[in-house]
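K.L.:
With the input below, show me the fold.
(chains A and B)
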Amino acid sequence: GENVEQHPSTLSVQEGDSAVIKCTYSDSASNYFPWYKQELGKGPQLIIDIRSNVGEKKDQRIAVTLNKTAKHFSLHITETQPEDSAVYFCAAPFYGNNRLAFGKGNQVVVIP
Amino acid sequence: ETGVTQTPRHLVMGMTNKKSLKCEQHLGHNAMYWYKQSAKKPLELMFVYSLEERVENNSVPSRFSPECPNSSHLFLHLHTLQPEDSALYLCASSQEKGEPYNEQFFGPGTRLTVL
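P.N.:
Below is the predicted model:
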């Protein structure tokens, strides 16, 4: 099955700085990589995803980069704001089906 | 109501109690999921229903019993739980379109405490 790991587990950044979270996966056949954001008291919400036919995808202040050779993908948040404080989960598909294996999550704290 | 709703938001129960968690999705989706979220652990997929049929049961103990009476509602019946079952239980839904990896929409979760 798929093994998904996230680093670092906690990340503190000053408001306005950039934050980068890295996710590694084990199944080289995986071809879909989403990032979910979970705010306090809420369920996770998809914020960006990438498929293996591209190396980078951007949506305003967030971007995801994919390195299929090294089997890792990263979430980049630029010009961080207090509302970016949350837990971020990466995921990758289980081998052989379309269910997702999630990582443990990264706690991002933006310091005003 | 919009999106995915879950009730109750908080539940405290003893090990001998029987309770049920309810999930309702207002998105017209055809697949629903139960996840368990424990601190410092990945989200654990428990059950998947597609078109009201259970298509996955990831080795979940029988003290958890899901029910999907229609495509909009999903229940998780609980009985004789253990303290280690205390966690946040998340419901999600998606529209299965014949292509893999469709976005999942999560509810806010039910915080369960087993005494």
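K.L.:
Could you list the low-pLDDT ranges of the chain?
P.N.:
Defaulting to chain A. A:1, A:95-98 (pLDDT under 70).
K.L.:
meant chain B actually
P.N.:
By pLDDT under 70, the low-scoring segments of chain B are B:1, B:98-101.
K.L.:
Which residues of it lie near chain A?
P.N.:
Proximity of chain B to chain A, by C-beta under 8 Å from any C-beta of the partner chain, involves residues B:4, B:40-43, B:45, B:48, B:56, B:90, B:92, B:100-109. Yep, even glycine has a C-beta here, placed from its N, CA and C like the rest.
K.L.:
In helices only, show me these.
P.N.:
Using DSSP state H, no member of the residues of chain B next to chain A sits in helices.
K.L.:
and residue 94, how many neighbours?
P.N.:
Defaulting to chain A. The local packing of A:Phe94 (other C-beta atoms under 10 Å in any protein chain shown) involves 17 other residues.
K.L.:
nope, chain B
P.N.:
20.
K.L.:
Next: A:Val54.
P.N.:
Quick note: A:Val54 (other C-beta under 10 Å) scores 10 neighbours.
K.L.:
what does the one 3 residues further on give?
P.N.:
A:Lys57 sits with 15 neighbouring residues when counted by other C-beta under 10 Å.
K.L.:
How about A:Cys23?
P.N.:
Using other C-beta under 10 Å, A:Cys23 is surrounded by 25 other residues.
K.L.:
Please give the element, helix or strand, for the closest residue to it other than its chain neighbours.
P.N.:
Using C-beta to C-beta, 6 or more residues apart in numbering or on different chains and skipping the chain neighbours, the partner closest in space to A:Cys23 is A:Cys90 (3.5 Å). According to DSSP states H and E, A:Cys90 maps onto strand A:86-93.
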